[in-house]
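[1] test case, fold it:
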Amino acid sequence: MNDFIKFGLFFFQLLDICAQEKCTLSEACEKVEKLGYKTLEIDFDQLSEETLGTLAGSPLQIVNIYCFLDFQKDVEPRLNQLLKNAQCVRPKFVMPIPETDETADLKNIVISRLILLQQQLADIGTQMVMENYDGPGKSFATISGLQEYFKAIPGLKCCFDTGNFYYSGEDLLHAYNTFSGNIVHIHCKDRRLDEKDGWLSSKMADGTRVSNAAIGNGILPLAQLFSRLESDKYQGILVAEHACVNNQLDTLTRSISTMKLLLSENQSRRL
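    From the prediction side, this is the model:
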């Protein structure tokens, strides 16, 4: 297996474990660390002093702060606090998520402010990334829409989400080919059309209801994607992301096992 790859998860998954396993946050951190997870993605709105204090004593490292931003309102106080948090936590990445950019005028406002944010983050050694977010009113839910941001914002990099292009009916491997030269971080997500691993919590652009699945237990071509990651010598973090699942700890266990297996199999083929 590629020894340069680390495995991560989201903070909300730790909260799921706390609720489902009836354990403390510290205990949840220990459980996932034993599985092999090393890094955390966390929502800006979850960065309380208490949470940061607990995580500071855990084996997990916050590497990405993501932040929802409504540019139809005054976002400056929120952006200023985001920068302060980034200076305090020193994550590798910060990922802004505009709530909407559905008009040309609004998109211009969004891009103009994100150009400045990228510069501000670069000054403190943090890389700004954007992902193909799966939601309505967002041009960057599509390949072409996300490309516009990379063309307009110097220095912006890609957080590639394996499950979100499915929202717009776009092909995962085509999307990877489009963005591969700009990818620095990966959210690994798999989808199902039933409730084997979780409930039908997400609605796609065409109205289809889907659930999140353990990596490799869904309908997306992740084996082919992992083959590309191995051949392209990806050396970043693979974040197992699955919300609204029946048993978060079990799903994380199966996900990391599959990811390690896929990486090992592809590495063996190259030897």
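
[2] longest strand of the chain?
    Counting residues, the longest strand found in the chain (DSSP state E) is strand 61-69.

[3] off-centre distance for that one?
    How far strand 61-69 lies from its chain's middle: 9 Å, per Cα atoms, centre = their mean, to the nearest Å.

[4] partners of it in the sheet?
    Using DSSP bridges, strand 61-69 pairs in its sheet with strand 37-43 (parallel), strand 93-98 (parallel).

[5] which parts of that strand are buried?
    Neighbour counts over strand 61-69 (16 or more other Cβ atoms under 10 Å) mark Q61, I62, V63, N64, I65, Y66, C67, L69 as buried. The C-beta positions use only the backbone N, C-alpha and C, and glycine is treated the same way.

[6] which residues of this protein score low on pLDDT?
    Along the chain, segments meeting pLDDT under 70 span 1-3, 267-271.

[7] hey, where'd the strands end up in it?
    Using DSSP E, strands in the chain cover 6-10, 37-43, 61-69, 93-98, 127-130, 157-161, 183-188, 190-192, 202-203, 209-213, 237-240.

[8] report the central residue of this structure.
    Closest residue to the average C-alpha location of the chain: H187 at 3.9 Å, with Cα atoms, centre = their mean.

[9] show me the contacts for the residue nearest to that one when sequence neighbours are not counted.
    Excluding the flanking residues, the one nearest H187 by Cβ to Cβ, 6 or more residues apart in numbering is D161, at 4.3 Å. The neighbourhood of D161, defined by Cβ atoms under 8 Å, 6 or more residues apart in numbering, consists of E131, N132, Y133, D134, I186, H187, K189, E241.

[10] columns distance to G145 on top of the residues you listed, output as JSON lines?
    JSON lines is the format used below for the contacts of D161 (distance: Cβ to Cβ, whole Å):
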{"residue": "E131", "distance to G145": "12"}
{"residue": "N132", "distance to G145": "8"}
{"residue": "Y133", "distance to G145": "10"}
{"residue": "D134", "distance to G145": "12"}
{"residue": "I186", "distance to G145": "19"}
{"residue": "H187", "distance to G145": "18"}
{"residue": "K189", "distance to G145": "19"}
{"residue": "E241", "distance to G145": "21"}
